[in-house]
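Asker: no letters, just coordinates:
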């Protein structure tokens, strides 16, 4: 019997047991932002923000079509100059961000807009619309006029300033 083989163990089993017995560093925890949706669609954690999904003009155009009615990938790709796999990739990203939902009917996948996913965008735009600059008050305009006159006096040539003082005296 060889030194690596013990009573029915293969070298691979022995190496795996040694590997499992050692201390491995634990992965760091994922920081989750509550304002984003996270999906485990394909076994990995997707961190697609709705704003990032809306950044591309093709995805925005897809959402405009889906806002009218649910559609198949074939129908969405027929009106675009890009290929059907490219449309599918855009739809997958929209799905991962939560902007669309998908239902399977036989071999076809029907995509529909999920309006609840657009709530962060709507609230952001509404906050921008409400936020306005403070109105300019009369006191601020008076202070500006005083400052303009003072700056104008300082920039005049010295001879001109002396003439003004002689006339007033």
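Answerer: Arrived safely, thanks for sending. Predicted model only: the values in this text are computed from it and were never measured.

Asker: where does residue 55 land in three-state SS?
Answerer: coil (DSSP: H, G, I helix; E, B strand; the rest coil).

Asker: for it, give me the pLDDT.
Answerer: Per-residue pLDDT puts residue 55 at 90.

Asker: and the gap between it and residue 145?
Answerer: 45 Å (C-beta to C-beta, to the nearest Å). Any C-beta I mention is one placed from the backbone N, CA and C, and that applies to glycine too.

Asker: repeat that for residue 53.
Answerer: Residue 53 is 50 Å from residue 145, by C-beta to C-beta.

Asker: what's the answer for residue 106, then?
Answerer: 75 Å.

Asker: give me the more crowded residue out of these two.
Answerer: The neighbour comparison of residue 106 against residue 145 (other C-beta atoms under 10 Å) goes to residue 145, with 10 against 5.

Asker: could you check which helix or strand contains the more buried one?
Answerer: Secondary structure from DSSP states H and E places residue 145 in helix 138-155.

Asker: likewise for residue 112?
Answerer: Element membership of residue 112 [criterion: DSSP H and E] is strand 108-113.

Asker: direction included, what does that strand pair against?
Answerer: Sheet pairing for strand 108-113, assigned by DSSP bridges, gives strand 71-72 (antiparallel), strand 100-105 (antiparallel).

Asker: how about those strands in JSON lines, adding distance to residue 79?
Answerer: What follows is these, written out as JSON lines (distance: least, C-beta to C-beta, whole Å):
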{"stretch": "strand 71-72", "distance to residue 79": "10"}
{"stretch": "strand 100-105", "distance to residue 79": "16"}
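
Asker: least reliable of these going by mean pLDDT?
Answerer: strand 100-105 (a mean of 91).

Asker: which secondary element of the protein has the worst mean pLDDT?
Answerer: strand 39-40 (a mean of 42; mean pLDDT, DSSP states H and E).
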